[in-house]
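Chemist: 3D model of this:
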Amino acid sequence: MSSLLPTYPPLARTIAALTKADGITQTHLPGVSLLCLRRHQVRTPLLYEPSLTVIALGRKVGYLGDREIHYNPGHYLVQTLPLPFECETHGSPEAPLLGISVKLDPALLSEMVMTMGDTGAPALSPKPMASVAMTEGMQDAVARLADTLKCETECAVMGVSRIREVIFEALKGEQGPALRALVNGQGHYSRIVQVLSKLHVNFADEFTVEQLAQRASMSVSTFHHYFKQITRASPAQYLKRLRLIKAQQLLSQQDHNVNQAALAVGYRSVPQFSRDYKRYFGESPLQHRRQEQMLQG
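Modeler: Okay, the predicted model is just below:
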């Protein structure tokens, strides 16, 4: 791959030099990771943590309910909530998918939002996941962050400042209101965020829509409307997808067999779990676990 690096754009060339294999590469800077995939990956269920994802080469298409979210070298993805969604990745040996991901640290985001104060941004309905056009400021900030990753000492000294630059540019961008809504704690969006946070911690528990609506201080009909507007799924659909992705993670780690994984994520019926799993991922949980065992030798 090294012989092709000169033909890459500068950011892609930097990322390629720092990645040795397909998948996610952790860096010397906590919360910053590199993405590389030298093949096409079909539409697959995923769960991203709140983050900013910048694509330097290749492209991705996210599917959230009826929305298609395209992000490529001209755009970056702002994910403010850990939403189950589906993603297709376009990469090849000649033109791999190369990107950089910056995790949104709640404490840092809160401090920056409070320091910036009221920006007078329009009160549009925030989106939990959206593609934003790259600005010159964001391009420069990401390039500086990527260059910092080359040196462990520079990461230790300048890393946090480089992350702040990138988040600052995102706060000034189209999705700035969605990022600020996470901190300001106002409106329907913030109330749904609080409910989603509870679900992600207690996904194995049983909840009724009435209980969730009460936690959000909304009527059931109002809660259902705003929940579906934000997540593109009903509360029951969202919780099912969340449980299935959590189960997949447990099976991939080889810590649980199929029965244990089903119970750990809140299923009371293992056959029902297996049916839901196969419908969502296209293979049974047993097939998935066996494939993981083969890959791990």
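
Chemist: the lengthiest helix in the chain: what's the following helix or strand?
Modeler: Once the chain is assigned using DSSP state H, the helix that runs over the most residues is helix 152-172. Toward the C-terminal end, the helix or strand that comes next after helix 152-172 (DSSP states H and E) is helix 176-184.

Chemist: what does the longest helix of the chain rub up against?
Modeler: Among residues not part of helix 152-172, those counted as contacts by C-beta atoms under 8 Å, 6 or more residues apart in numbering are 27-29, 31-32, 52, 76, 78, 102, 104, 108-109, 112-113, 116, 119, 132, 135, 137-138, 141-142, 144-145, 148-149, 176, 179-180. Where you see a C-beta, it was placed from the backbone N, CA and C, and this is true even at glycine.

Chemist: any idea how many residues pack against Ser92?
Modeler: 12 (other C-beta atoms under 10 Å).

Chemist: any chance of a PyMOL selection covering the buried ones in the contacts of helix 152-172?
Modeler: A single PyMOL command is used to select the members of the contacts of helix 152-172 judged buried by 16 or more other C-beta atoms under 10 Å:
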select buried, resi 27+28+29+31+32+52+76+78+102+104+109+112+113+132+138+141+142+145+148+149+176+179+180
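
Chemist: return the subset of the contacts of helix 152-172 lying in helices.
Modeler: The subset of the contacts of helix 152-172 located in helices under the criterion DSSP H comprises 108-109, 112-113, 116, 137-138, 141-142, 144-145, 148, 176, 179-180.

Chemist: residue ranges for the strands of this protein, please.
Modeler: Shown for the chain, the strands assigned by DSSP state E span residues 23-26, 32-37, 41-47, 51-57, 59-64, 67-71, 75-79, 84-90, 97-103, 129-133.

Chemist: quick one, the fourth one and strand 129-133 angle?
Modeler: Calculated by axes from the mean of the first three to the mean of the last three C-alpha atoms, to 10 degrees, strand 51-57 forms an angle of 50 degrees with strand 129-133.

Chemist: kindly report the same for the second one.
Modeler: Using the same axes, to 10 degrees, the interaxial angle of strand 32-37 with respect to strand 129-133 works out to 90 degrees.
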